[in-house]
Every structure is written in C-alpha cells, then in structure tokens.
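J.: Got a sequence here, can you build the structure:
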Amino acid sequence: MQPLDAEQTQARHWFETLRDLICAEFEAVEREAGSDAAFEYTPWDRADPSGEPGGGGVRGVMKGRVFEKVGVNVSTVGGTFEGEFAKSIHGAGDNPRFFATGISLVAHMANPRVPAVHMNTRFLVTTKRWFGGGADLNPPIPDQYDTDDFHAELKAACDRHDSTHYPRFKEWADDYFWIPHRGVHRGVGGIFYDHLEGDFAANFAFTQDVGRAFLEVYPRIVRRRMNDGWTPQDEAAMLEWRGRYAEFNLVHDRGTLFGLKTGGNIDAILMSLPPRATWS
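T.: Purely as a prediction, here's the structure:
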C-alpha cells in the first residue's frame, strides 16, 4: 500500500479514535450490568493481488451480559481491484487502484428488548475521493420511543451541516436496508449516504458528527432497555428476526461484497452475523 497522504491520515486517525471511544462506552455498559466483559482485539494483514503490501486492520469482538456479540472493526487497506469489480466502484473504472479506511460496527444484544444496531463510516479514494456510511437501528421488537430518539439524534447531526441531508439519507437508508425476497425492511432505519465528495473538510466534519451522534444515542437506548424483562416468545421473535438480518448481510450488503472482493479478513467481514439465529 502506498504511503498515506494528509487526508487519508486524518480519516484513519478519526476512525481509530471513534473505535476506542465506542468500545470504552460499551465496556462501561457491561460493567454497569455487573459484567467484566471486554473487547478482544485481533490484528490482520491484507495481501494485495499485485503482490505489494495491502494494509490491514483490527477486529474487536466482545461477548458479555448485555452485548451477546458486538464487533467493531477498523481497517485501512489499499492496492488494486481485480477484474470487473473495479467497474462497480465509484471512480475506479479507468484506474483500478484504491485506498479505503473506515470503521464498521454491528451489535447483537442478549435482551430482545434492546435493539441491535449497525454503524459504518468510511473514506475511499480511487480517481475520486468520497465519504460514505451511516447507522441504522434493528430492533427485534420495535419501540417507537427508541426509534424516534435514534432518528432525532441523526437528524440533528445532519441538520448541523445541510438541511437536505436527513430526508435524503433517511430515504436512502429505507431503500437500501430492504430485504426484497422477504418484502420487509431490515429494521426501523436510520441514515445511509455514499459518494459524498468535493469538500473534504466539510464532508469529513459531517462524517465525524455521524459517529458522535451514534456514540451519544445508542448507549442511551441500551441503558434504557437492558434491564427490561422478556419472555420466551420475545426471544423466539429475536432469533427469527436475526435470520432475516443474516440473509440481508449475506445476499445484499455492499460492505460484505467489498470485503470479499478485496481480500479482506473473512472473520472481520462476517463479524456482522448473529451468534444465534433461527429459520422456522
């Protein structure tokens, strides 16, 4: 992988900093629940098809009393896209070289009353430079108060930058997190954006605010619900819903495809899969 320039270095540093803040907060939640669970971190290196160093990342996983399984990945990779895949990537059709750095998080919760969640933000460089990402809430048993709280925090982050961001990115999330073969949404939505290019400073500031908004709202929702009681029927609903989640991630998710096509770490790529699921 070629040496990082100033923008690539800034983005990488932020994603690693956000990882540390999120993991510390999730571990604090576990301690509040009487658990000593902590993240275990596994570094990995990527081999680029060209033979040059391809970068790598760190996979962090925690299994605790509140978080049945949560993974937080950070990666910084680069090299050359193989074959036809380059044509599907923004700005890579004429030059298959790329750089990507980002954070990806998925949490599956022990209590069916606590919503699962996904968050990912990233910076990619081909012949173009852009940010993408977002966050979406995935409750097995939806609660309108939690849904409204999650969306309000993301909307506030969007509105600080552009009043058109939230309605546009919310609609994008609703369209993207849809399971067509089931005819259902994956969860209660959030925001999703991609190919945010042009003004690096402005787009980087927005991407940082998305991460901060997630860090503000999701632990608040977890603490609100983690001591709620649940029934065997609630758990059965959660396990069946997790099956739908797994189907989306294996069949439709762009991040899964990108990781597989670029020689990423298979354990990190499939970290999003739930620890238990059922298909009835």
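J.: drop to CA atoms for contacts and neighbour counts, all remaining ones
T.: OK.
J.: what helix or strand is residue 114 on?
T.: Element membership of residue 114 [criterion: DSSP states H and E] is none; it lies in no helix or strand.
J.: ditto for residue 20
T.: Applying DSSP H and E as the criterion places residue 20 in helix 6-32.
J.: what about residue 127, helix or strand, and which?
T.: Under the assignment given by DSSP H and E, residue 127 is not contained in any helix or strand.
J.: So the spatially closest residue to it that is not a sequence neighbour: helix, strand or coil?
T.: In space, residue 127 comes closest to residue 91 once its chain neighbours are excluded; the distance is 5.1 Å by Cα to Cα, 6 or more residues apart in numbering. Classification of residue 91 using DSSP: H, G, I helix; E, B strand; the rest coil returns coil.
J.: Give me the contact list for the helix or strand that the helix holding residue 20 is followed by.
T.: Taking DSSP H and E as the definition, the helix or strand that follows helix 6-32 towards the C-terminus is strand 40-47. Residues lying outside strand 40-47 but in contact with it, judged by Cα atoms under 8 Å, 6 or more residues apart in numbering, are 53-62, 77, 263-265.
J.: list the buried ones in strand 40-47?
T.: Neighbour counts over strand 40-47 (16 or more other Cα atoms under 10 Å) mark 45, 46, 47 as buried.
J.: Could you list the buried residues of the helix or strand bottoming out on mean pLDDT in the chain?
T.: Taking mean pLDDT, DSSP states H and E as the measure, the helix or strand of the chain with the lowest value is helix 254-261, at a mean of 80. By neighbour count, with 16+ other Cα under 10 Å as the criterion, the buried positions of helix 254-261 are residue 256.
J.: distance between it and the chain's centre?
T.: Between the mean C-alpha point of helix 254-261 and the mean C-alpha point of its chain there is a distance of 13 Å (Cα atoms, centre = their mean, to the nearest Å).
J.: What lies in contact with it?
T.: For helix 254-261, using Cα under 8 Å, 6+ apart, the contacting residues are 81, 82, 85, 249, 250, 265, 266, 269, 270.
J.: Mind giving me the packing neighbours of the helix or strand just after it?
T.: Using DSSP H and E, the helix or strand that follows helix 254-261 in sequence is helix 266-269. For helix 266-269, the elements it packs on are helix 254-261, judged by 3 or more Cα pairs under 8 Å, 6 or more residues apart in numbering; DSSP states H and E.
J.: if you set the cut-off to 6 Å instead, what comes out?
T.: With contacts defined as 3 or more Cα pairs under 6 Å, 6 or more residues apart in numbering; DSSP states H and E, there are no secondary structure elements packing on helix 266-269.
J.: how far is that helix from where the chain is centred?
T.: With Cα atoms, centre = their mean as the basis, the distance from the averaged C-alpha position of helix 266-269 to the chain average is 13 Å.
J.: now swap in stretch 238-250 and tell me
T.: Computed by Cα atoms, centre = their mean, the chain-centroid distance of stretch 238-250 equals 16 Å.
J.: For it, buried residues please.
T.: Of all the residues in stretch 238-250, those buried under the rule 16+ other Cα under 10 Å are 238, 239, 240, 241, 242, 243, 244, 245, 246, 247, 248, 249.
J.: my guess is the third one meets residue 278, correct?
T.: Yes - contact status for residue 240 versus residue 278: in contact at 5.0 Å, counting by Cα atoms under 6 Å.
J.: re the thing from before, just the buried positions in the helix holding residue 20, please.
T.: Under 16+ other Cα under 10 Å, the buried positions of helix 6-32 are 8, 11-12, 14-16, 18-19, 22-23, 26-31.
J.: Equivalent analysis for stretch 77-92, please.
T.: The neighbour-count criterion (16+ other Cα under 10 Å) identifies 77, 78, 79, 80, 81, 82, 86, 90, 91, 92 as the buried residues of stretch 77-92.
J.: Restricted to strands, list the residues you listed.
T.: With strands identified by DSSP state E, the entries of these that belong to them are 77, 78, 79, 80.
J.: could you dump those to CSV with pLDDT?
T.: Output for those, formatted as CSV (pLDDT from 0 to 100):
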residue, pLDDT
77, 94
78, 93
79, 87
80, 86
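J.: closest to residue 230 among those?
T.: Looking at these and their distance to residue 230, the nearest is residue 77, at 42.1 Å (Cα to Cα).
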